[in-house]
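A.B. asks: attaching a predicted model along with its sequence, questions to come.
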Amino acid sequence: DGTGTQQQAQQRKVGAAGPRTSSKEMVDTSPPRGTRDFYPEDMRLRNWLFGEWAAVAQLFGFEQFDVPVLESEELFVRKAGEEITDQLYNFQDKGGRRVALRPEITPSLARLVLGKGKGLALPAKWWIVGQCWRYERMTRGRRREHYQWNMDIVGVPGVEAEAELLAAITTFFSRVGISAADVGIKVSSRKVLAAVLERYSVPPENFAQVCVIVDKLEKLPRDKVEAELAALGVSADATEGILSALSCRSLDQLGELLGPAGHDALGDLRQLWALAAGYGFQEWLVFDASVVRGLAYYTGVVFEGFDRAGQLRAICGGGRYDKLLGTFGGEDVPCAGFGFGDAVIVELLKDKQLLPALTQQVDDVIMVMDESLRPAACGIAARLRAAGRRVDVILEAKKMKWAFKHAERSGAARLLLVGGGEWERGAVAVKDLASREQTEVPMDQLA
Ligand SMILES: CC(=O)Nc1cnc2ccccc2c1
């Protein structure tokens, strides 16, 4: 699951694992519930994925930022009934402060933008990869953490920003071998819902809650969603209007249904499609009026990446959030962004046999044949490393057989043996692990 090969390690109470000097049981070696360890082989895959994310961010001229995983709880206290805030990993610290492990990164970005105020040159295009947390009752056995790539554009009111973000997402997919035949991106706009709510005079302060409820249509039966809307005070007519708008199959059909009230939403989406065509990623986009996403603060275009085989949960998601900064007491600044988790994408890559085969990368393994030559061997390692070669020094006396096996397991190109007759002739025995040939190389020609 995700970039950690560690399956959800069951809480192992380690039994008597062999003779122990003390009566004390061994510590539980599993990671905390819902979290993963990354052994080196796992880290190679994670570093590869994060490296692709970073490469795309740089291709698009975005700047990296970072913020603490621990934030003031108030950043995430929203009253819209979102799952993400219901499952806040929050606590009171020793100073009596209400804090939380962040469930998402956008509110932290908003905090930084507000912190800079007029001092922030706009537009800002920022990116980050950060661990996010949720306190899930383990009944569902789901993970409590994942790593999320975020790209955000601050200060651009038009859908040119969303087009840029979608271009970045499709560039990533293409780079890792995923095509528009494998994955689509559902796109809509919350302005559709806003238009419907206005027509039925649903109070604007209910907008976020309506969106969060309607987002559950994917998971909950229709009557449950209708009941939640009714409980919020949304009339049956309004609910009917919402559900028929969300089932529109095309922009034209939506236009007919909404009339002039839909002008903004349709204008945005048509412009977005035109930009996508220009960019050459239009084939990835699917208009889907039922996409609302589950975060309270989206105000306009929303989108989510999905696998066309329909086997997986959403791969990524995002949208426009023009009013988030206002909810923190600041001036509103138009923003758009997306989040891309490290779990579903790895499942997709596995399903498509697109996981890269990653091995440890070492150039040279050095072994001394005579312990008195260890200082000299360290000098050789230093010179090779200064020349940019990745060198693994065998640190204790080992048999040749072990050294060969170790060098091959390390993915090394050469095994250097310091000592013996070669050393007397001012040279080092070099075993090429690909050709298996052994040659004698003078000391100063090793790099
Ligand atoms: C598939 C997966 O691991 N999802 C996941 C895992 N942990 C989270 C933690 C916080 C917010 C969303 C999360 C989502």
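C.D. replies: Perfect, I can see it now.
A.B. asks: tally of neighbours for residue 51?
C.D. replies: As a burial measure, residue 51 scores 10 neighbours (other C-beta atoms under 10 Å). Placement of C-beta: from N, CA and C, glycine included.
A.B. asks: scratch that, residue 409 is what I was asking about
C.D. replies: That count, for residue 409 with other C-beta under 10 Å as the rule, works out to 12.
A.B. asks: skipping adjacent residues, who's closest to it in space?
C.D. replies: Leaving aside its sequence neighbours, residue 409 sits nearest to residue 360 (C-beta to C-beta, 6 or more residues apart in numbering; 7.6 Å).
A.B. asks: I'd like to know the phi and psi angles of the one you found, please.
C.D. replies: phi -60, psi 140 (degrees, to the nearest 10).
A.B. asks: show me what contacts it?
C.D. replies: Residue 360 makes contact with 40, 44, 409, 410, 411, according to C-beta atoms under 8 Å, 6 or more residues apart in numbering.
A.B. asks: from the ligand, how far off is it?
C.D. replies: Distance from residue 360 to the ligand, counting by C-beta to the nearest ligand atom, to the nearest Å: 27 Å.
A.B. asks: same question for residue 447.
C.D. replies: Residue 447 sits at a distance of 45 Å from the ligand (criterion: C-beta to the nearest ligand atom).
A.B. asks: same question, residue 61
C.D. replies: 28 Å.
A.B. asks: in three-state terms, label the residue most central in space within the chain for me.
C.D. replies: In the chain, the residue lying closest to the centroid (C-alpha atoms, centre = their mean) is residue 148, at 2.8 Å. Three-state call for residue 148 (DSSP: H, G, I helix; E, B strand; the rest coil): strand.
A.B. asks: residues in the chain within reach of the ligand, list them.
C.D. replies: Applying C-beta under 6 Å from any ligand atom, we find that the chain lies next to the ligand at 2, 84, 103, 132, 133, 134, 143, 145, 146, 341, 343, 344.
A.B. asks: and which of those residues is nearest to residue 91?
C.D. replies: residue 133 (11.3 Å; C-beta to C-beta).
A.B. asks: next, count neighbours for the residue lying closest to the closest one once chain neighbours are set aside.
C.D. replies: Excluding its sequence neighbours, the residue lying closest to residue 133 (C-beta to C-beta, 6+ apart) is residue 101, at 3.7 Å. A total of 20 residues lie near residue 101 under the criterion other C-beta under 10 Å.
A.B. asks: who does residue 101 bridge with?
C.D. replies: Counting by DSSP bridges, residue 101 is bridged to residue 70, residue 89.
A.B. asks: stretch 89-98 spans what distance, first to last residue?
C.D. replies: Taking C-alpha to C-alpha, to the nearest Å, the first and last residues of stretch 89-98 lie 11 Å apart.
A.B. asks: model confidence over it, on average?
C.D. replies: Mean pLDDT, stretch 89-98: 98.
A.B. asks: which parts of that stretch are buried?
C.D. replies: 89, 90 (16 or more other C-beta atoms under 10 Å).
A.B. asks: who touches that stretch?
C.D. replies: 72, 73, 74, 76, 99, 100, 101, 103, 133, 134, 135, 144.
A.B. asks: again with stretch 372-392
C.D. replies: 361-368, 393, 410, 412, 416, 418-419, 423, 428, 443, 446-447.
A.B. asks: and if you look at stretch 227-236?
C.D. replies: 200, 202, 206, 209, 210, 213, 214, 216, 220, 238, 239, 242.
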